[in-house]
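Undergrad: Sequence and predicted structure below; questions after.
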Amino acid sequence: MLREGRRQVAGFYFAGDVFGLESVKQHSVTAQAITNAKVRIFKKRALAALATSNLEVADRLLALTTRELARKQDHLLVLHNRRGTHHLFLYRHGPTRISKRG
């Protein structure tokens, strides 16, 4: 939820899609289904152990991760086109002070 109380859509996922593979202790977004949905949760340690012992699983995880990275890059490009470079910088780097060069 944004500071002013509004929600921002970070992405849309469909049956079979995978999300939440980020290497963080706490996710920065939540998921909300607009239809009936089932979500399967995997422990990261168990998934990492499986990927270590199974090359096919490791390759699939890499493919899923790179696809998600591409989705996020596309999202940033949309933000750039809608709001301009200044807002993109703030989105990527947090509330940093920017001075104009003359």
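TA: Arrived safely.
Undergrad: buried sites along the longest helix along the chain?
TA: The helix that spans the most residues within the chain, counting by DSSP state H, is helix 55-83. Neighbour-count burial for helix 55-83 flags 61, 68, 71 (criterion: 16 or more other Cβ atoms under 10 Å). Where C-beta positions appear, they are placed from N, C-alpha and C, glycine not excepted.
Undergrad: center of the chain, which residue is that?
TA: Using Cα atoms, centre = their mean, the residue of the chain that lies closest to the mean C-alpha position is Lys72, 5.9 Å off.
Undergrad: How much space separates that one from Glu4?
TA: Computed with Cβ to Cβ, to the nearest Å, the distance linking Lys72 and Glu4 is 23 Å.
Undergrad: ok, the closest residue to Leu64 other than its chain neighbours - how many residues close by?
TA: In this structure, Leu64 finds its nearest non-sequential neighbour in Val18, 4.9 Å apart by Cβ to Cβ, 6 or more residues apart in numbering. A count of nearby residues for Val18, using other Cβ atoms under 10 Å, gives 15.
Undergrad: and what of Ala10?
TA: Counted with other Cβ under 10 Å, the burial measure for Ala10 works out to 13 neighbours.
Undergrad: and if you look at the one 3 residues further on?
TA: As a burial measure, Tyr13 scores 15 neighbours (other Cβ under 10 Å).
Undergrad: Wait, it touches Gln32, no?
TA: No: with contacts counted by Cβ atoms under 8 Å, Tyr13 stays clear of Gln32, the gap being 10.6 Å.
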